[in-house]
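**Student:** Here's my sequence, what's the structure:
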Amino acid sequence: MADKEAVPTFDKLFNPTLRALHKLGGSASIQELVNEIVSDLSLSEEVSEIPHGKGSQTEVAYRAAWARNYLKNSGLLENSGRGVWALTASGRETLEIDPRHVVREVQRVQREKREPSQTDRELGSEETEDRTWQDNLLEVLLQMDSSGFEIVQRVKS
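**Tutor:** Numbers count the residues shown, from 1 in each chain. Here you go, the predicted structure:
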């Protein structure tokens, strides 16, 4: 059986995701995207069917979901309907990106959202005070790189 390390990391799926959406006419279902990414990267059936955890999702699909999330946060994709992803105007003009730049930019924006401004600190912004543990958890998860999730998965297994 193939090892999870044979599956490309989420950031290595940015460009294959963009290529897939361009090839599929600008929008596609999640499964269409995953299938096209697997084809684009010539992943073997053994690798493409490695399960993620105990659920029915594959590791490729899981990492592709993170790739879509980062591409959405960088303004290249939008979730146009339940399970349907589409290129934005910027995404239609973008054929390839530097994955490191996208990761840094998304993490920078998330950090800025997390850090209260001087005015917020002085006024005790309600928005800052009303943050839930779910908001805090989401921000931490968005800051993690894929190796953090792999460690959590190994501990959980």
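**Student:** Next, name the residue at the spatial heart of the chain.
**Tutor:** residue 66 (2.0 Å; Cα atoms, centre = their mean).
**Student:** worst-scoring helix or strand of the chain, pLDDT-wise?
**Tutor:** In the chain, no helix or strand scores lower on mean pLDDT, DSSP states H and E than helix 126-129, which sits at a mean of 48.
**Student:** Under the pLDDT cut-off, which ranges of this structure? List them.
**Tutor:** Applying pLDDT under 70 to the chain flags the ranges 1, 116-131, 133-136, 143, 145-157.
**Student:** Please, where are all the strands along it?
**Tutor:** 27-29, 77-81, 84-87 (DSSP state E).
**Student:** Ok, which of the ones you listed comes nearest residue 98?
**Tutor:** Of all the strands of the chain, it is strand 77-81 that lies closest to residue 98, at 16.4 Å by Cβ to Cβ. C-beta coordinates here come from the backbone N, C-alpha and C atoms, glycine included.
**Student:** so residue 21 touches residue 80, yeah?
**Tutor:** No: shown here, residue 21 and residue 80 do not form a contact pair, counting by Cβ atoms under 8 Å, at 11.2 Å.
**Student:** Pull up the gap between the residue nearest to the centre of the chain and residue 45, please.
**Tutor:** Taking Cβ to Cβ, to the nearest Å as the measure, residue 66 falls 22 Å from residue 45.
**Student:** Next: residue 82.
**Tutor:** 28 Å.
**Student:** Ok, residue 142 next?
**Tutor:** For residue 142, the distance to residue 45 - Cβ to Cβ - is 31 Å.
**Student:** for residue 140, same thing?
**Tutor:** For residue 140, the distance to residue 45 - Cβ to Cβ - is 35 Å.
**Student:** who has more neighbours, the two?
**Tutor:** It is residue 140, of residue 140 and residue 45, that has more neighbours when counted by other Cβ atoms under 10 Å, with 12 against 8.
**Student:** what sits against the more buried one?
**Tutor:** Counting by Cβ atoms under 8 Å, 6 or more residues apart in numbering, residue 140 makes contact with nothing.
**Student:** what's the answer for residue 105, then?
**Tutor:** Residue 105 neighbours (Cβ under 8 Å, 6+ apart): residue 74.
**Student:** again, but for residue 96
**Tutor:** 15, 18.
**Student:** Next up, phi/psi of it, please.
**Tutor:** For residue 96, the backbone dihedrals (degrees, to the nearest 10) come out as phi -150, psi 150.
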